[in-house]
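# quick check, what structure comes out for this input:
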Amino acid sequence: MTKITFVRPGGEREIVNAEPGHSVMATAVDNGIDEIVAECGGCLACATCHVYVDEADLDRLPPPSAAEDAMLEATAAPRTPCSRLSCQLKTTPELGDLTVHLPSEQY
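Sure thing, here's the model as predicted:
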């Protein structure tokens, strides 16, 4: 099973198990990670599931779609090269474990 490490803005880490095929956003919501607001429920209609993927994991992810790239322009916290929408990141056994840093604000 894939493990996702969520790093809160203050540095606290929470490691949770992710079901294959579930999004990082759904995994966060299901595990009470309050920093992921997920207003649109994963429809790619908001940016309230913004995360910063750990640099060590970034190259293992597919690039963002044009729609995700456009939506990342609307994040409350500054966008960086590691910014992704967690609703668009699906967990797979091939991906393996993943670390994401949570921004201090979502909207």
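# make it CA atoms for all contacts and neighbour counts henceforth
OK.
# list phi and psi for the residue nearest in space to the middle of the chain.
Nearest residue to the geometric centre of the chain (Cα atoms, centre = their mean): residue 86, 2.8 Å. As for residue 86, its main-chain torsions (degrees, to the nearest 10) stand at phi -70, psi -20.
# I'd like the distance between it and residue 16.
Per Cα to Cα, to the nearest Å, residue 86 is found 15 Å from residue 16.
# from the chain's centroid, how far away is stretch 14-30?
Between the centre of stretch 14-30 and the centre of its chain there are 9 Å (Cα atoms, centre = their mean, to the nearest Å).
# these two touch, right, the residue nearest to the centre of the chain and residue 29?
No. Counting by Cα atoms under 8 Å, residue 86 does not reach residue 29; the two are 10.7 Å apart.
# quick one, what contacts residue 95?
Applying Cα atoms under 8 Å, 6 or more residues apart in numbering to residue 95 gives the contacts 2, 60, 61.
# and what of residue 89?
Per Cα under 8 Å, 6+ apart, neighbours of residue 89: 23, 24, 25, 61.
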